[in-house]
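> Build me a structure from this.
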Amino acid sequence: MNKVCLNESCAKTYQTFEKESKYCSRSCSAIVNNKLKQKRTTKNKCKICGKQSFSYKVFRCEEHLQTPLPTKIKNIYKCKKCNKESRNNYFCSRDCYVQWNIEDNPNNIVNKEKIGKIKNCFKCKEDKDLSEFYGRHIYCKSCLNILTMEKQRAVKKKLVDLLGGCCCVCGYNKCQAALEFHHLDRSEKSYGISLAIKQNKKFESIVDEAKKCVLLCSNHHRECESGIIDLEQIKAFAEFI
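As a prediction, this is how the structure comes out:
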């Protein structure tokens, strides 16, 4: 459809497919809109007397053109660290802030531990000396050792259940600590199962290694290592189970 540009200085006829179009180009729309809605005023007010200034770049009238603008008077504060007077609210410099935060800040957890030399265990809820903790751990040494032992026992129980839950020779299953893993082929052995559990390796990799083993009680494991029990007999017992 043909339309006429609404810019009076242009007033050209142009073709368009939009019903809401009013101008033939962006430049024409900018000319009209800038006249209707000015982005900046032609004149500003003087900051000293309030009269209109002679230019939009200057904030002073002709009478006060040479006089400097009034500056805001800042309050004077004392530094929390060195007690020097400064215009900053709390500290006179960055160095004073850093020293105060390290040494004197009461909300800092490190300062609380240094002052009291006491830390609360997250598990047993007891206040203990800092020497009873491993670095920044939230658990004390005794609680952390108990948690790691429980985790290792849970992993071993899963592996024992995976391999039948008892010794493949005699069927012993009373004590989990007495059951051990024996590799059928030492050439395929990558690492020991017990060492992998202590080193907290991925459970999937430990399962892949455990599939190369059979489960033996401690007595039959020693007899197998010394050669009293033949390896073929153990394989036969494992297939039977």
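> so where does His182 fall, helix or strand?
Using DSSP states H and E, His182 falls within strand 179-183.
> Check which residues of the next helix or strand after that strand are buried.
Moving toward the C-terminus from strand 179-183, the next helix or strand (DSSP H and E) is helix 193-198. Neighbour-count burial for helix 193-198 flags Ile193, Ala196, Ile197 (criterion: 16 or more other Cβ atoms under 10 Å). Glycine gets a C-beta too; all of them are placed from N, C-alpha and C.
> So Ser142 lies in a strand, does it not?
No. The assignment for Ser142, made by DSSP: H, G, I helix; E, B strand; the rest coil, is helix rather than a strand.
> tell me the contacts of it?
Shown in contact with Ser142 (Cβ atoms under 8 Å, 6 or more residues apart in numbering): Cys124, Glu132.
> cool, and Asn120?
Glu126, Asp127, Lys128.
> Mind giving me the ChimeraX command for buried ones among those?
With 16+ other Cβ under 10 Å as the criterion, this ChimeraX line picks the buried residues out of these:
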select :128
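> Give me the distance from stretch 224-236 to the chain's centre.
Relative to the centre of its chain, stretch 224-236 is centred 52 Å away, using Cα atoms, centre = their mean, to the nearest Å.
> So which bits of that stretch are buried?
Under 16+ other Cβ under 10 Å, the buried positions of stretch 224-236 are Cys224, Ile229, Ile234.
> Could you dump the residues you listed into JSON lines with distance to Cys175 added?
Output for the buried residues of stretch 224-236, formatted as JSON lines (distance: Cβ to Cβ, whole Å):
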{"residue": "Cys224", "distance to Cys175": "19"}
{"residue": "Ile229", "distance to Cys175": "20"}
{"residue": "Ile234", "distance to Cys175": "20"}
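> Out of those, the closest to His182 would be?
Cys224 (6.1 Å; Cβ to Cβ).
> average pLDDT across stretch 150-161?
Per-residue pLDDT over stretch 150-161 has a mean of 91.
> ok, and what's touching that stretch?
Gln176, Leu179, Phe181, Ile193, Ile197, Lys198, Phe203, Ile206, Val207, Ala210, Leu215.
> residues near Lys35, how many?
The local packing of Lys35 (other Cβ atoms under 10 Å) involves 8 other residues.
> Look up phi and psi at it.
The phi and psi torsions at Lys35 (degrees, to the nearest 10) take the values phi -70, psi -40.
> ok so, going back, which neighbours does the strand holding His182 have in its sheet, and in what orientation?
Using DSSP bridges, strand 179-183 pairs in its sheet with strand 213-217 (antiparallel).
> helices or strands next to the helix or strand just after the strand it pairs with in the packing?
Using DSSP H and E, the helix or strand that follows strand 213-217 in sequence is helix 218-226. The helices and strands touching helix 218-226, judged by 3 or more Cβ pairs under 8 Å, 6 or more residues apart in numbering; DSSP states H and E, are strand 179-183.
> Kindly recompute the last result at 10 Å.
strand 179-183, strand 213-217, helix 231-240 (3 or more Cβ pairs under 10 Å, 6 or more residues apart in numbering; DSSP states H and E).
> where exactly do the strands run in the protein?
In the chain, the strands defined using DSSP state E lie at 2-4, 13-15, 77-78, 85-86, 118-120, 127-129, 179-183, 213-217.
> ok so, going back, any chance of the contacts of Asn120 in JSON lines, plus pLDDT?
Output for the contacts of Asn120, formatted as JSON lines (pLDDT from 0 to 100):
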{"residue": "Glu126", "pLDDT": "86"}
{"residue": "Asp127", "pLDDT": "84"}
{"residue": "Lys128", "pLDDT": "83"}
